[in-house]
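Visitor: heads up, no residue letters with this:
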């Protein structure tokens, strides 16, 4: 079958076409034929060698996608041939609290990902999709979408009227914007691009701040909220933005750390604010299958459409990766089969 592999991981140009043997479904397995694959920031970090240790050069990448079950192994009852499915990228985290074991099956890292004509996954990890969630919306859910849901709903217990601050206009931030508005919350969002902030306002953002215009964007956020700050901060910026996030937090604020970007200034500023503001800071890793089911049910009950920037053909996957890496766009980048 046709596939792509990550190669030597020194630039986005290391992605290359290859062929692989057809997968065979063992007991408990399912084989899925992808319809669409969605790119996320870590896909680029993997190719450039900045996402932890280097991976096997033959690894098939791709963290999230949507596809059809085309075969199942012995004993599979959770899905059937013909089902349209998604899967959280931590395939072993099906329910219950986080544990270190979830990293043992990380799609696109420890196991081959979605960027192939077929992918082998544990059937018990798959989720059948309702008919009213189209492919382009389903393809973007497993990483950025589920992470945003976990951050706001499962971890922060978001309430109507609260202010959510999203850093940047990447996939997690845009997904968090939608989840927040779904729950009646207000949203502030930052970007270096007025064009991207304009799109964010169209999608429902209440406060937009250009951090090039306001390098001390936490000060501007406090100004625009009458010194109240943000109740929940989706911290995707990494170590260099954490100090600003602390400064922008409301009393009893919750900061959910998602960004793994290496920082230039590791010591945490505003340390006393952890105490004076009673701030909760928590790191999260995507989410469980049970959380994913909750998220999908909420989407099915609400009219929520993914914002898509551009869709590439499967054979043009390297071009899709370069487009994603350039970071000039807003919205998701998809690869279709």
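Guide: Alright, I've got the coordinates. Keep in mind that this is a model prediction, so the values were computed, not measured.

Visitor: hmm, who's touching the host helix or strand of residue 127?
Guide: Residue 127 belongs to strand 126-128 when elements are defined using DSSP states H and E. Counting contacts by Cβ atoms under 8 Å, 6 or more residues apart in numbering, the residues outside strand 126-128 that touch it are 30, 32, 69, 78-79, 83-87, 289, 292-293, 296. Just so you know, the C-beta spots here come from the backbone N, C-alpha and C atoms, and that holds for glycine as well.

Visitor: residue 26 touches residue 71, doesn't it?
Guide: No - using Cβ atoms under 8 Å, residue 26 is not in contact with residue 71; the gap is 10.8 Å.

Visitor: more neighbours, those two?
Guide: Neighbours of residue 26 and residue 71, each counted by other Cβ atoms under 10 Å, are more numerous for residue 71; the result is 17 against 10.

Visitor: tell me the helix or strand right after the host helix or strand of that one.
Guide: According to DSSP H and E, residue 71 maps onto strand 64-72. Tracing the chain past strand 64-72, the next element assigned as helix or strand by DSSP H and E is strand 84-87.

Visitor: around residue 64, count how many other residues there are.
Guide: Around residue 64 sit 30 other residues, with neighbours defined as other Cβ under 10 Å.

Visitor: gap between it and residue 83?
Guide: Spatial separation of residue 64 from residue 83 under the definition Cβ to Cβ, to the nearest Å is 17 Å.

Visitor: rewinding a little: now the contacts of strand 126-128: which count as buried?
Guide: 30, 32, 69, 78-79, 83-87, 289, 292, 296 (16 or more other Cβ atoms under 10 Å).

Visitor: let me know the average pLDDT across stretch 226-246.
Guide: pLDDT averaged over stretch 226-246 equals 92, rounded to a whole number.

Visitor: and it, which residues are buried?
Guide: By neighbour count with 16+ other Cβ under 10 Å, stretch 226-246 contains the buried residues 229-239, 241-246.

Visitor: can you tell me the closest non-neighbouring residue to residue 298?
Guide: With sequence-adjacent residues excluded and distances taken as Cβ to Cβ, 6 or more residues apart in numbering, residue 298 is closest to residue 182, at 6.6 Å.

Visitor: who's in contact with the one you found?
Guide: 298, 302, 304.

Visitor: got a list of what the last one touches?
Guide: Right, the one you point to is residue 304. Applying Cβ under 8 Å, 6+ apart, one finds that residue 304 lies in contact with 137, 178, 182.

Visitor: phi first, then psi, for the most centrally placed residue in the chain.
Guide: Nearest to the mean C-alpha position of the chain, counting by Cα atoms, centre = their mean, stands residue 144 at 1.6 Å. In this entry, residue 144 is assigned phi and psi values of phi -60, psi -50 (degrees, to the nearest 10).
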